[in-house]
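Enquirer: let me see the structure of the following:
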Amino acid sequence: MPDRAPQTVNTAKFIFVTGGVTSSLGKGIISASLAKLLQARGFRVTIQKFDPYINIDPGTLNPYEHGECFVTDDGAETDLDLGHYERFLNTPTSQANNVTTGRIYDHVIRKEREGAYLGKTVQVVPHITDEIKRRMLLLGQGDEFDVVITEIGGSIGDIESLPFVEAVRQLRWELPPYDSLVIHLTLLPYLKAAGELKTKPTQHSVRDLRSAGLQPDILVCRSEYPIPLEMRKKIALFCNVKINSVIESLDADSIYSVPLLMLKEHLDERVIKKLKLVGGASIPDLEAWKDFLGKLKNPTEEVTIALVGKYVELPDAYKSINESFVHAGAQNECKVTVRSIQSDHITPENITQLLHGVDGVLVAPGFGERGFEGKVTAIRYVRENGIPFFGICLGMQCAAVEFARNVLGLPQASSTEMDALTPDPVIAMMEEQKNITQKGGTMRLGAYDCELRKGSKAAKAYGRNHISERHRHRYEFNNDYLKQFEEAGMVASGINPETGLVEVIELQGHPWFVAGQFHPELKSTVQTPHPLFVRFVKAAIQHHKNEI
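Expert: Residues are numbered from 1 along each chain as shown. Got it, this is the predicted structure:
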């Protein structure tokens, strides 16, 4: 056999996670759970997602198409799986952690236009695959991480995923022995008529993977029922893996239970042995994680929060918000039941019925005119009835419009996004945005500083006056109206120190009425629940007790 290609300067080891049989099996959760177990042993771990679609990033995708767009500190619009990575590991990701086919091709085509290939014919192999490999290895260079986990989007057999699979095949050949492994996530369907699990789809999936040149080292098998020993032996035999590398992944009551299920299956031990990882603890330290799960599963309080948005039919559209309620609920030892309400359906006539029995209302972010007036109507109801309110991004802008119309006496007040000719544009586009024609990656994106007013509800929630939060928007509060707002009781409790833009507004004399221009849900994790969500849930608990 020829010698392997020389190793580039990498200090990390690489794990590649692929999926088969069907989509939505949970590669992101398995990747995050394995990363959590390795991190709990003391290893430095990061995860990256390679998506096979041609969009440069998911920033221009409809949430119904792809779920939530997750924004990182450095302003990257990324796949929602990066949210799972951050929530599990409590470490920030970046643009380097999410790469799409579109980004790969864009880079290669730009280089070709610059003449970088010296007249060669540019092809999928080697030029596209070389760029994929370069991106896959990028986070492993230097001395920041011990392990880099790479999740390959899509399913084995998808045409668009083939260049990624080919790149992994080449890397497996080029990297030194014991520096990489492949985990394949598959499905064992249960046939009710036969009364048994079936292994054939898994066999076919592994066959397709092997036909592409990749032999899985570990199989993680999703199943509704426990996998009998004889079936594990059969899978190991026909898929050419060791029996102790056939990992059972049962449906869990919570995604946060999966690390413990994978620990029970010894997934981390198999990985450590196959990669010959040294230096980690013999047993992962998961006490804080177990404490979180204990509070999550044994609440002493219960509240109902209305989530008012325009994409509520797809839970993944508000994934980070829903998970933030899980974190904040556990912190308060409270079960948070989220009641999703389509803002399109809200009218002044039905708002009382729709919000009956809720202990708090969160108005979600979004873009466009659809559902805007429903959100404004909901905010007026909670403002006038003393129900705890939390507005995020467009939710804050709706709160400003509602206040201007019904308190300041400006009945035609609006956002110029919804009404370009409004005589009272309390929300308007930033000057630097007005001449932009390209939509992708051109909003105010990523982390920006904010100074909180001392003694405000926001400052008390954070426990400090200087914060940094992530943004994703084009329109801002119009400071020409700030004096009127504050004189009427709606104060700007958070200001960007460089631009003077309003970041947080809150209503005085209300139990809890706080709204932020930023996206706090993007920074909530198991280890550090977001303080605004924690205080919002606490206010909802108090409201619930007052109503009893």
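Enquirer: and Asn55, backbone torsions?
Expert: Backbone torsions for Asn55, taken as degrees, to the nearest 10, come to phi -60, psi 140.
Enquirer: nearest residue to it other than its sequence neighbours?
Expert: Gly102 (5.0 Å; CB to CB, 6 or more residues apart in numbering). Heads up, the C-betas are built off the backbone N, CA and C, glycines and all.
Enquirer: residue ranges with poor pLDDT in the protein?
Expert: Along the chain, the parts satisfying pLDDT under 70 run over 1-9, 64, 66, 430-442.
Enquirer: next up, the contacts around Leu275.
Expert: For Leu275, the contacting residues are 13, 15, 147, 178-181, by CB atoms under 8 Å, 6 or more residues apart in numbering.
Enquirer: the residues you listed in helices, which ones?
Expert: Among those, no member falls in helices (criterion: DSSP state H).
Enquirer: nearest to Asp291, of those residues?
Expert: The closest of the contacts of Leu275 to Asp291 turns out to be Val147 (CB to CB; 25.1 Å).
Enquirer: go ahead and confirm that closest one touches Arg41.
Expert: No: contact criterion CB atoms under 8 Å: Val147 and Arg41 do not qualify, at 10.3 Å.
Enquirer: of those two, which one has the most company?
Expert: Just comparing Val147 and Arg41: by other CB atoms under 10 Å the higher neighbour count belongs to Val147, 23 against 20.
Enquirer: what helices and strands are in contact with the helix or strand harbouring the residue nearest to Asn55?
Expert: Taking DSSP states H and E as the criterion, Gly102 maps to helix 101-113. If contacts are counted by 3 or more CB pairs under 8 Å, 6 or more residues apart in numbering; DSSP states H and E, helix 101-113 sits against helix 129-138.
Enquirer: the helix it packs on vs helix 101-113, what angle?
Expert: Orientation check (axes from the mean of the first three to the mean of the last three CA atoms, to 10 degrees): helix 129-138 against helix 101-113 gives 120 degrees.
Enquirer: give me the contact list for helix 129-138.
Expert: Helix 129-138 has contacts (CB under 8 Å, 6+ apart) with 8, 10, 14, 48, 50, 96, 99, 104, 107-108, 148, 150, 163-164, 166-168, 170-171, 174.
Enquirer: now it: buried residues?
Expert: Residues 129, 131-133, 135-137 are the ones in helix 129-138 that count as buried (16 or more other CB atoms under 10 Å).
Enquirer: could you dump those to a markdown table with distance to Asn322?
Expert: Shown next, in a markdown table, are these (distance: CB to CB, whole Å):
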| residue | distance to Asn322 |
| --- | --- |
| Thr129 | 37 |
| Glu131 | 35 |
| Ile132 | 32 |
| Lys133 | 36 |
| Arg135 | 30 |
| Met136 | 31 |
| Leu137 | 34 |
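Enquirer: now, which of those residues sits nearest Leu532?
Expert: For the buried residues of helix 129-138, the nearest to Leu532 is Arg135 (34.6 Å; CB to CB).
Enquirer: please convert the buried members of the contacts of helix 129-138 into ChimeraX selection syntax.
Expert: Restricted to buried positions by 16+ other CB under 10 Å, the ChimeraX selection for the contacts of helix 129-138 reads:
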select :10,14,48,50,99,104,108,148,150,163,164,166,167,168,170,171,174
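Enquirer: just the contacts of helix 129-138: which are in helices?
Expert: Within the contacts of helix 129-138, residues falling in helices by DSSP H are 104, 107-108, 163-164, 166-168, 170-171, 174.
Enquirer: determine which two of the residues you listed are furthest apart.
Expert: His107 and Glu174 (20.2 Å).
Enquirer: right, and Gly153 touches Pro58 too?
Expert: No: in terms of CB under 8 Å, Gly153 does not count as a neighbour of Pro58; the distance is 11.0 Å.
Enquirer: and for the two, which residues touch both?
Expert: With contacts taken as CB under 8 Å, 6+ apart, Gly153 and Pro58 have 51, 79 as neighbours in common.
Enquirer: picking up where we left off before, what subset of the contacts of Leu275 is buried?
Expert: Buried among those by 16+ other CB under 10 Å: 13, 15, 147, 179-181.
Enquirer: including distance to Asn240, could these go into TSV?
Expert: Shown next, in TSV, are the buried ones among the contacts of Leu275 (distance: CB to CB, whole Å):
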residue	distance to Asn240
Lys13	22
Ile15	19
Val147	24
Asp179	21
Ser180	17
Leu181	14
